Each structure stands twice: as structure tokens, then as C-alpha cells.
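J.: pasting the structure only:
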């Protein structure tokens, strides 16, 4: 059986992985504002959808590099050249700081609660009674 601490840590890690990044759509006027981007989703006006690991953008076109599924030990990329006027929608993966802070605060609260409950149990659960019993000595 898995201990409660390991289960709790696993839950926090899963929340952190799921909640920290988000795809945000870029306005059309910002497509060429940065010459290279990572983690980009492009939908063309023709209905094609590409998940690029990296793109290079020029004022009138973009070159996208899409990872190919291969069985070799080297990563292979397929190169796409698209005109910017053919791009219908572009989204980039970025960190959602609100979610990241919320999950980090929740994780910190859980850890703090665990530490405080463990500190209240003492060392071994033995209660030591002084010479005056449970009441304070005069």
C-alpha cells in the first residue's frame, strides 16, 4: 500500500503539471513581432492544424518544425513553409502565472498542514507528566 505522503505528493505534482501552462491565441499583428517561438499551434485557413515545436517567422512567412514519430534514437522534424496570410489562427504555449501561484499556494498549505499535524503528535505519542501531575506546579 502506498503511504499518504507519497499519494499527496503525487497529487500535487499532477496538479502542477496540468495547471501551469496554457495555449494563448496571438493577435494577427503580433505574429511576426518575435522572430522565433517555441510550442506553437497553427491553424490554416484551409483547415490544417499543426503543432510546431519551433517556428521561425519572417514579415511575410513562417517556417515550422514539427516533430515526427520515429523509432530511431534521433528526433526527426518535418519542415513546413507557410505564408502568414494563409494562417487562420496562431496560439503559443505560455505559463499561466495565476494557476501556477494558486497551485503552489495550495501545495504549500498542504505541506504546512502536514508538518503542523506531525509536530503536534510529539515523539512517539508518550505523555510525560511532571511532579505535580497534570496541573502546573506552584
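T.: Noted; the coordinates are in hand. Just so we're clear, the structure is a prediction, and the values are computed from it rather than from any experiment.
J.: for residue 107, the count of nearby residues, please.
T.: 17 (other Cβ atoms under 10 Å). C-beta here means a position set from N, CA and C on the backbone, and glycine is covered the same way.
J.: from here on, count from 5
T.: Shifting the count to begin at 5 puts that one at residue 111.
J.: counting contacts, what elements does the strand or helix carrying residue 111 pack onto?
T.: Here residue 111, judged by DSSP states H and E, is contained in helix 101-124. Packing partners of helix 101-124 (3 or more Cβ pairs under 8 Å, 6 or more residues apart in numbering; DSSP states H and E): helix 8-23.
J.: can you confirm residue 41 is in a helix?
T.: No. Counting by DSSP: H, G, I helix; E, B strand; the rest coil, residue 41 is not part of a helix but strand.
J.: for it, which non-adjacent residue is closest in space?
T.: Nearest non-adjacent residue to residue 41, counting by Cβ to Cβ, 6 or more residues apart in numbering: residue 59, 5.3 Å away.
J.: same question, residue 61
T.: Leaving aside its chain neighbours, residue 61 sits nearest to residue 36 (4.9 Å; criterion: Cβ to Cβ, 6+ apart).
J.: show me what contacts the one you found?
T.: Residue 36 sits next to 61, 62, 63, 88 when contact means Cβ atoms under 8 Å, 6 or more residues apart in numbering.
J.: following element in sequence after the least confident helix or strand in the chain by mean pLDDT, please.
T.: Lowest mean confidence among the helices and strands of the chain (mean pLDDT, DSSP states H and E): helix 8-23, at a mean of 68. Next helix or strand after helix 8-23 toward the C-terminus (DSSP H and E): strand 25-29.
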